[in-house]
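Participant: return atomic coordinates for the entry below.
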Amino acid sequence: MKKLSNGMINRALIIAAGQGSRLHSVTNGKPKPLTKILGLSLIERVIINARKCGVVDFTIVVGYEGNEIKADLGDGSSFGVRISYVENTEWNKGNGVSVLKSKSIFGSNGHHEKFFLLMADHIFNEKILQDLKRLDLEEDVSVLVVDESPKKHIDLVDATKVRTSNGYITDIGKKIENYNGVDCGIFLLSPTTIFEALEESSKNNNDTLSGGIKILGEKRQIRTLNINGHFWIDVDTEKDYIEAEKILVEHKAL
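Facilitator: Prediction:
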């Protein structure tokens, strides 16, 4: 299998379809990705950080109150990027459905370039994406960023755990035991394999992204990259929101 340069990656898929009901005390019914922290919304932070790493083409999967997100972000020109949208009317299903909705864009014939997959409610240091771009990978191999030493603010009960061996994922899920990392929700994906894996997982009645990742793991087509001390947090609850503010101030981030 030939290798492709990751240094020129300029496309990202952002999942922004869910309701975010656990953050309702902060969102007050607005789409979770538009929740502002220190003046910028969650999804604006994701876009700005990815842009710093050379990403100029964004596809955003919207669902719950998707029109509000589209109205707020527009075509991306205010950020110096291009934004297109994919509708997921099945946003109440597993997050693997949202990724599959983008197959016509990222998985079309002739496209082999890897792309970033990011979550609209995860705050992270952009240096993580820079580390991903430095990896030397086979065309069909994807990467999941994991935290091998999660900080105390990470909710390990709700977190998706990852078990690895020699850098490859052997199992993933919220309830697995003997895990050695936590899923950070940051991916570098190969379009030649991820959509096929998600479709296979869906046929097995598992429509989550983790289901597809597990299949890639069985085929040794997904590796991990440790967070390497960079900050990240999944903003799911009011407690997470407060912690995210502290992290951004501490690291003097945007």
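Participant: then stretch 82-89 to PDB, C-alphas only?
Facilitator: Output in PDB follows, covering the C-alpha atoms of stretch 82-89 (Å, rounded to 0.1, in the frame of the first residue of the first chain):
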ATOM      1  CA  ARG A  82     -14.800  27.600   2.900                       C
ATOM      2  CA  ILE A  83     -17.700  25.900   4.700                       C
ATOM      3  CA  SER A  84     -20.300  23.500   3.200                       C
ATOM      4  CA  TYR A  85     -23.000  21.700   5.000                       C
ATOM      5  CA  VAL A  86     -24.400  18.200   5.100                       C
ATOM      6  CA  GLU A  87     -27.900  17.600   6.600                       C
ATOM      7  CA  ASN A  88     -28.400  14.700   9.000                       C
ATOM      8  CA  THR A  89     -32.100  14.400   9.700                       C
END
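Participant: next, the buried residues of that stretch.
Facilitator: Of the residues in stretch 82-89, 83, 85-86, 88 count as buried by neighbour count, 16 or more other Cβ atoms under 10 Å. In short, each C-beta sits where N, CA and C put it, glycine included.
Participant: and for stretch 234-246?
Facilitator: In stretch 234-246, counting by 16+ other Cβ under 10 Å, buried: 234-237, 240-241, 243-244.
Participant: adding secondary structure and distance to Leu135, write those residues out as a markdown table.
Facilitator: Shown next, in a markdown table, are the buried residues of stretch 234-246 (DSSP: H, G, I helix; E, B strand; the rest coil; distance: Cβ to Cβ, whole Å):
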| residue | secondary structure | distance to Leu135 |
| --- | --- | --- |
| Asp234 | strand | 23 |
| Val235 | coil | 27 |
| Asp236 | coil | 28 |
| Thr237 | coil | 32 |
| Asp240 | helix | 29 |
| Tyr241 | helix | 32 |
| Glu243 | helix | 29 |
| Ala244 | helix | 27 |
